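**Student:** Give me a 3D structure for the following:
(2 chains)
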Amino acid sequence: MTTAPHMSRPAPAASRLVDLFEYGLDAPICLTWELTYACNLSCSHCLSSSGRRDPRELTTAEAKAVIDELEAMQVFYVNIGGGEPTVRPDFFELLDYATAHHVGVKFSTNGVRITPEVAQRLAANDYVDVQISLDGATAEVNDPVRGPGSYDTALRAMSNLADAGMKNFKLSVVCTRHNIPQMDEFKAIADRYGAQLRLTRLRPSGRGADVWDELHPLPEQQRKLYDWLVAHGDHVLTGDSFFHLSAYGKALPGLNLCGAGRVVCLIDPVGDVYACPFAIHDEFLAGNVRRPGGFAKVWRESGLFRSLREPQSGGACASCGFYDTCKGGCMAAKFFTGLPLDGPDPECVQGYGEQLLAQRPKDRGHLPKPSGDHSHRTAPARRPGTVDLVLTRRPDLNRPPVSACAEDPLAGTSFT
Amino acid sequence: MATLDLDRAWDLHPQVSVRPEPFGALLYHFGTRKLSFLKDRRLLAVVQALATAPTARAACLAAGVDDREVPRYGQALTALVQSSMVIERATP
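**Tutor:** Numbers count the residues shown, from 1 in each chain, chains lettered A, B, ... in the order given. Take a look at the predicted model:
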């Protein structure tokens, strides 16, 4: 009674579940669904380069059709993100539709719409979980990355959720060079609101590529983080983010496997399906839910996903004694830092990634760019360097520029 | 630690969703938000038989489990009781 009869390959005889998962599942265990690229913030490390809404965004009806498919495939829950998903006017309609159709919802938010009333509504639904994003245990560390006022917004949202009686919602932190010394403080904040701490890895994806060099943890911080995770492992969630750190010794809790296209994937706001949320690039684009066959066909038949489910060789890492624990690390992290996919992770704890990073050309022009940039246009564009200005007078003018009180109504008009 | 009495009636927790897979099944508990695995299809058949069988032992036998193997399946079910996936069912 296999749910997908066309997946005819017999389950290989393997003793560990993680080995079975490498061959992929009939449906994802969970998937990430970015509902919109619109966002009230402009976090410097946003992995989906969000800001402005894409006009081709899935409509309410199309989004409901996706939920129907997920229900039929028995996907247990979706991780909804964005952008800021709650700014979609139909957000709560979709949330209620999903949970009424046995698809649980975990959603990530910066907290902007989590008023006391919304918090009540969320707390009343057993099939909803909320993740509040915060990247500093103090405003001084958080706001430079996530934007002015974002610390207060997140804490206000947590306070509203706690007051509404919501238990065990998540405080979600992307670990950076600046907040790794604050792990105990994050834990204290989570405890204060009856929340659970969730730590994830900074990926060089989206705008994250622009700030990765400055924000990614230093090698000695990685060790600190690993030790902290080992000490607190059972009470802290990681979304399996740090399996590359397992090469320090003991495996961290979780599958310790790159789930891209095997047990997870991403649906973006316009319905494109990517292998994972950190790999929004044509290279990892498997299809679109709007095409015939919908999401199920993409998951089951995409050539990209099939190839990701093949046994991976390990490449340059195959001879490393730690390959079995770290599996070469994160595909997206390698891709967006310009490292070969069958080699070490840029943050390989054995230092092999750093050696390769050091050999890259100084100019970052060779690095792959994400498929779309939805960043707000109000922020000044990043420039490669300073531009020298030299002020001169236009050579075609035979008299001084017109002053504001020039009497001639035709001043400045040229008739040629 | 809770153990499972093979001679009592059991059932899946109402908030648990079961998804058959080639290797067995995936279980997800919406209350605890925990994921579990059944490592073989026979165990899946046992779990699915719990709701209608008078006892866990009867569910095992109905699923084709050999008498001598029942204790082993009992252990697997105990693990599911400890993670709240399986709960005792009140019998009329």
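**Student:** what residues are up against the residue lying closest to residue B:87 once chain neighbours are set aside?
**Tutor:** In this structure, residue B:87 finds its nearest non-sequential neighbour in residue B:13, 5.1 Å apart by C-beta to C-beta, 6 or more residues apart in numbering or on different chains. C-beta: built from backbone N, CA, C; applies to glycine. By C-beta atoms under 8 Å, 6 or more residues apart in numbering or on different chains, the contact set of residue B:13 is B:29, B:31, B:84, B:85, B:86, B:87.
**Student:** again, but for residue A:119
**Tutor:** Residues in contact with residue A:119, defined by C-beta under 8 Å, 6+ apart, are A:157, A:160, A:161, A:163, A:164, A:166.
**Student:** Chain B: which of those is nearest?
**Tutor:** Closest to chain B out of these is residue A:166 (13.2 Å), distances taken as C-beta to the nearest C-beta.
**Student:** For the closest one, give me the pLDDT.
**Tutor:** Residue A:166 carries a pLDDT value of 96.
**Student:** Could you tell me how far it is located from residue B:17?
**Tutor:** Residue A:166 sits 22 Å away from residue B:17, going by C-beta to C-beta, to the nearest Å.
**Student:** do the same with residue A:32
**Tutor:** Per C-beta to C-beta, residue A:32 is found 19 Å from residue B:17.
**Student:** Show me the helices in the stretch 301-416 of chain A, by range?
**Tutor:** With DSSP state H, counting those that start in this stretch, the ranges of helices along the stretch 301-416 of chain A come out as A:303-308, A:323-326, A:331-336, A:352-358.
**Student:** host element of residue B:80?
**Tutor:** Per DSSP states H and E, residue B:80 falls inside helix B:70-82.
**Student:** Neighbouring strands - and their directions - for the helix or strand that that helix is followed by?
**Tutor:** For helix B:70-82, the succeeding helix or strand toward the C-terminus, using DSSP H and E, is strand B:86-88. Using DSSP bridges, strand B:86-88 pairs in its sheet with strand B:10-12 (antiparallel).
**Student:** quick check, residue A:135 in a helix?
**Tutor:** No - applying DSSP: H, G, I helix; E, B strand; the rest coil, one finds residue A:135 to be coil, outside a helix.
**Student:** rewinding a little: which one of the helices of the stretch 301-416 of chain A lies nearest to chain B?
**Tutor:** helix A:303-308 (15.5 Å).
**Student:** quick one: the closest one near chain B?
**Tutor:** No - judged by C-beta under 8 Å from any C-beta of the partner chain, helix A:303-308 and chain B are separated, with a smallest distance of 15.5 Å.
**Student:** got a list of what residue B:49 touches?
**Tutor:** Counting by C-beta under 8 Å, 6+ apart, residue B:49 makes contact with B:58, B:59, B:60, B:62, B:63.
**Student:** before we move on, what SS does the third one have?
**Tutor:** Which is residue B:60. Classification of residue B:60 by three-state DSSP places it in helix.
**Student:** Look up how far chain A lies from it.
**Tutor:** For residue B:60, the distance to chain A (C-beta to the nearest C-beta, to the nearest Å) stands at 19 Å.
**Student:** Chain neighbours aside, what residue packs nearest to residue A:236?
**Tutor:** According to C-beta to C-beta, 6+ apart, the nearest residue to residue A:236 is residue A:197 (4.9 Å).
**Student:** Packing partners of the host helix or strand of the one you found?
**Tutor:** Using DSSP H and E, residue A:197 sits within strand A:196-201. Counting by 3 or more C-beta pairs under 8 Å, 6 or more residues apart in numbering or on different chains; DSSP states H and E, the packing neighbours recorded for strand A:196-201 are strand A:170-175, helix A:183-192.
**Student:** ok, back up a step: tell me the most buried of the helices of the stretch 301-416 of chain A?
**Tutor:** helix A:331-336 (a mean of 24; mean count of other C-beta atoms under 10 Å in any protein chain shown).
**Student:** May I have it as CSV, with CA atoms only?
**Tutor:** Presented in CSV, the C-alpha positions along helix A:331-336 are these (Å, rounded to 0.1, in the frame of the first residue of the first chain):
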residue,chain,number,x,y,z
MET,A,331,24.9,22.0,-0.8
ALA,A,332,23.6,25.6,-0.9
ALA,A,333,26.4,26.9,1.2
LYS,A,334,28.9,25.4,-1.2
PHE,A,335,27.1,26.6,-4.3
PHE,A,336,26.7,30.2,-3.3
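**Student:** Rounded mean pLDDT for it, please.
**Tutor:** What helix A:331-336 shows for mean pLDDT is 94.
**Student:** just stretch B:32-49 next, same as before
**Tutor:** 91.
**Student:** Show me the shaky parts of the chain.
**Tutor:** Using chain A here. A:1-17, A:378-387, A:396-416 (pLDDT under 70).
**Student:** wrong one, chain B
**Tutor:** If you take pLDDT under 70 as the line, chain B has these spans: B:1, B:92.
**Student:** where does the residue nearest the centre of it sit relative to residue A:246, distance-wise?
**Tutor:** Per C-alpha atoms, centre = their mean, the C-alpha nearest to the average position across chain B is that of residue B:47, at 3.6 Å. Residue B:47 sits 31 Å away from residue A:246, going by C-beta to C-beta.
**Student:** and what of residue A:312?
**Tutor:** Distance from residue A:312 to residue A:246, by C-beta to C-beta: 16 Å.
**Student:** In terms of neighbours, single out the busier of the two.
**Tutor:** Taking other C-beta atoms under 10 Å in any protein chain shown, residue A:312 and residue A:246 do not tie; residue A:246 has more neighbours (21 against 17).
**Student:** and residue A:32 and residue B:17? which has more neighbours close in?
**Tutor:** Between residue A:32 and residue B:17, counted using other C-beta under 10 Å, residue A:32 has the larger neighbour count: 22 against 18.
**Student:** which of the contacts of residue B:49 lies closest to residue A:72?
**Tutor:** Nearest to residue A:72 among those: residue B:63, at 25.9 Å, using C-beta to C-beta.
**Student:** dump the residue contacts of the residue nearest to residue A:186 when sequence neighbours are not counted.
**Tutor:** Of all residues not flanking residue A:186 in the chain, residue A:137 sits nearest, at 5.0 Å (C-beta to C-beta, 6+ apart). Going by C-beta under 8 Å, 6+ apart, residue A:137 touches A:179, A:182, A:185, A:186, A:188, A:189.
**Student:** List, one by one, the residues from chain B near chain A.
**Tutor:** Residues of chain B lying near chain A by C-beta under 8 Å from any C-beta: B:15, B:17, B:19-23, B:26, B:28, B:30-31, B:33, B:35, B:37, B:39.
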